[in-house]
Structures are given as C-alpha cells and as structure tokens.
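Undergrad: based on what follows, work out the 3D shape:
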Amino acid sequence: MALPKGYEKYSNDKVMMASPAELTLMLYEGAIKFCNIAIMGIDQRDVAKSHTNIVKAEKIIDYLRETLDMRYPVAKDFENIYVYLSRRLVEANIKKDKEILEEVCGHLRSVRDTWKEVMRLGR
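TA: So this is what the prediction gives:
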C-alpha cells in the first residue's frame, strides 16, 4: 500500500511546485489523456467511459478558457480555440464520435507542442 501513497504525494508535490507554465502544460496533457481514454471507450462500446472522459476534457478546456488573461491580444485567439474545442467535445459526446475526438486530440497536441516551444524559448 506504500506505493499508491508515495505516488499520490509525488503527484501532489509535482503540482504544488510547478510554475504556471508547467501547470498549463499538465492541463493540456490531461485533456489529451482524457480524449484518448474516451476514444478507447468508444472503441469498447463503453458509453459511460467515453462520456466521463469527454466531460473531464471539457472541464479542462473550460478551465483554460476561464483563466485566460484577456489583457493580452493572443488570449482572444486562445479563447476562440477553446470555444471551438468545447463545442466539438459536446458534439463528440452526443454522437459518441471517435473522429471528432481524434480531431480535438490533434488540435490539443498542436497547442501543447506550441506551448512546450514557448516554454523552451522562455528559459
């Protein structure tokens, strides 16, 4: 039982010590993970699994949108991306459409990779 407690502490410490940029990266990674699990749920015909994980991805996108600092012009571009992704996630959830989830996941990977590059250049 020590392993789960140790992992939980490690995960908690990782979040608590992360910079805002690293936290944003973790959110992108989480949204991608949940989209992938939802795709697996659709493949397995597990409606509950796909629904639960699409909703988790939606919540992350909503949080990213809510925390945008609109003083910066680029925030409007991110808002447009997040609104689009949210709309597509809702559509994917209603239809249980794997192709839509794969599209969303591709966009999330692109934004995540761009974010990684911004972080690298900012160092």
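Undergrad: residue ranges of the helices in the protein, please?
TA: Counting by DSSP state H, the chain has helices at residues 2-16, 20-43, 47-66, 73-95, 98-122.
Undergrad: would you turn those into CSV with mean neighbour count?
TA: Just so you know, the C-beta spots here come from the backbone N, C-alpha and C atoms, and that holds for glycine as well. Putting these into CSV (neighbours: other Cβ atoms under 10 Å) gives the following:
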stretch, mean neighbour count
helix 2-16, 9
helix 20-43, 18
helix 47-66, 18
helix 73-95, 15
helix 98-122, 15
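Undergrad: go through those and find the least confident stretch.
TA: For the helices of the chain, the stretch scoring lowest in mean pLDDT is helix 2-16; its value is a mean of 65.
Undergrad: how close does the nearest residue to residue 91 once chain neighbours are set aside get to residue 120?
TA: Excluding its sequence neighbours, the residue lying closest to residue 91 (Cβ to Cβ, 6 or more residues apart in numbering) is residue 100, at 5.8 Å. Computed as Cβ to Cβ, to the nearest Å, the residue 100 to residue 120 distance reads 31 Å.
Undergrad: touching stretch 109-122 from outside, list them.
TA: The contact list for stretch 109-122 (Cβ atoms under 8 Å, 6 or more residues apart in numbering) reads 21, 22, 24, 25, 28, 29, 32, 81.
Undergrad: show me which pair in those residues is furthest apart.
TA: Checked with Cβ to Cβ, the contacts of stretch 109-122 reach their widest spread between 22 and 81, with 20.1 Å between them.
Undergrad: returning to that earlier point: any chance of the contacts of stretch 109-122 in a markdown table, plus distance to residue 49?
TA: Output for the contacts of stretch 109-122, formatted as a markdown table (distance: Cβ to Cβ, whole Å):
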| residue | distance to residue 49 |
| --- | --- |
| 21 | 31 |
| 22 | 29 |
| 24 | 26 |
| 25 | 25 |
| 28 | 21 |
| 29 | 19 |
| 32 | 16 |
| 81 | 26 |
